[in-house]
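J.: my questions are about this predicted structure, shown below with the sequence.
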Amino acid sequence: GDSVTQMEGPVTLSEEAFLTINCTYTATGYPSLFWYVQYPGEGLQLLLKATKADDKGSNKGFEATYRKETTSFHLEKGSVQVSDSAVYFCVLLYGNNRLAFGKGNQVVVIP
Amino acid sequence: NAGVTQTPKFQVLKTGQSMTLQCAQDMNHEYMSWYRQDPGMGLRLIHYSVGAGITDQGEVPNGYNVSRSTTEDFPLRLLSAAPSQTSVYFCASRNGASGLYEQYFGPGTRLTVT
């Protein structure tokens, strides 16, 4: 079935470092792709989205490009802040309006 | 707008007890869903509703019941709690077709079953 795979393990980095979180997907059609963020003690919030191939979603300094040829939607930010510490989920929207969630990556930014 | 609200925030149950997790939204959204979040597993869909009076099962519906008598409310009932239902539960809502791309999540209910 349609699914997403995120890189394993938490990510720990220093403030102002470059962040990349890898996400690849498996889908039979042309899904829409999202990154959601979960701050400590809160529900998930939409961070950015891309609805077709080569679209670039961006928000709050984060970017992700929908790459059909590599079935990827990697999340990047050029200079992270302590306030970016959160769990990040790659999410795919497929038939019947269902969402498939990746396992999430904990990001810890150290001052 | 309060958005999506959930009560309680925390709950401890003994095996075999029943309870209802409450969810309400004030955005007049048609679609509402319940998810559970377990460590290292992302979110999994339990039940969802596309409008008042209409509900359907998600990936992991066993042990849970839902109903949708109003647009605003979508309670989740645990009929006989089991330790395997220890999890964090999130309610979410969105518009119909026009809001296809964004779900609004509540703050979650952390449930422990002993």
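T.: Cool, got the structure.

J.: what's the closest non-adjacent residue to residue A:40?
T.: Nearest in space to residue A:40, with sequence neighbours left out and distances taken as C-beta to C-beta, 6 or more residues apart in numbering or on different chains, is residue A:86 at 7.3 Å. C-beta: built from backbone N, CA, C; applies to glycine.

J.: which ones are touching that neighbour?
T.: A:37, A:38, A:39, A:40, A:107 (C-beta atoms under 8 Å, 6 or more residues apart in numbering or on different chains).

J.: so which residues on chain A come close to chain B?
T.: Residues of chain A found near chain B, taking C-beta under 8 Å from any C-beta of the partner chain as the criterion, are A:32, A:34, A:41-46, A:49, A:51, A:89, A:93, A:97-99, A:101-104.

J.: looking at chain B, which helix or strand is least sure?
T.: strand B:104-105 (a mean of 90; mean pLDDT, DSSP states H and E).

J.: residues in contact with that strand?
T.: For strand B:104-105, contacts defined as C-beta under 8 Å, 6+ apart pick out A:43-45, B:3-4, B:25, B:27, B:29, B:90-94.

J.: which one of those residues is nearest residue B:65?
T.: Among those, residue B:91 lies closest to residue B:65 (C-beta to C-beta), at 14.6 Å.

J.: so what pairs up with residue A:94 in the strands?
T.: residue A:98 (DSSP bridges).

J.: and it, how many neighbours does it have?
T.: 18 (other C-beta atoms under 10 Å in any protein chain shown).

J.: what do you get for residue A:1?
T.: Neighbours of residue A:1 using other C-beta under 10 Å come to 10.

J.: residue contacts, it?
T.: residue A:100.

J.: distance from the lowest-mean-pLDDT helix or strand in chain A to the middle of the chain?
T.: Of all the helices and strands that make up chain A, strand A:98-101 has the lowest average by mean pLDDT, DSSP H and E, namely a mean of 86. Distance of strand A:98-101 from its chain centroid, counting by C-alpha atoms, centre = their mean, to the nearest Å, is 13 Å.

J.: what's it packed up against?
T.: strand A:3-6, strand A:86-94, strand B:43-51 (3 or more C-beta pairs under 8 Å, 6 or more residues apart in numbering or on different chains; DSSP states H and E).

J.: can I get those in JSON lines including distance to residue B:78 and mean pLDDT?
T.: Shown next, in JSON lines, are the helices and strands packed on strand A:98-101 (distance: least, C-beta to C-beta, whole Å; pLDDT from 0 to 100):
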{"stretch": "strand A:3-6", "distance to residue B:78": "27", "mean pLDDT": "93"}
{"stretch": "strand A:86-94", "distance to residue B:78": "25", "mean pLDDT": "92"}
{"stretch": "strand B:43-51", "distance to residue B:78": "10", "mean pLDDT": "93"}
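
J.: of all the ones you listed, which one is nearest residue A:28?
T.: Of the helices and strands packed on strand A:98-101, nearest to residue A:28 by C-beta to C-beta is strand A:86-94, at 8.0 Å.

J.: which SSE is residue A:107 in?
T.: strand A:105-110 (DSSP states H and E).

J.: list the neighbouring strands of that strand plus their orientation.
T.: Using DSSP bridges, the strands paired with strand A:105-110 are strand A:11-14 (parallel), strand A:86-94 (antiparallel).

J.: residues of chain B that sit close to chain A?
T.: So far as C-beta under 8 Å from any C-beta goes, chain B lies against chain A at B:4, B:31, B:40-45, B:58, B:90, B:92, B:100-103, B:105-108.

J.: got a quick PyMOL command for the buried subset of those?
T.: Applied in PyMOL, the following selects the buried portion of these according to 16 or more other C-beta atoms under 10 Å in any protein chain shown:
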select buried, chain B and resi 4+31+42+43+44+45+58+90+92+103+105+106+107+108
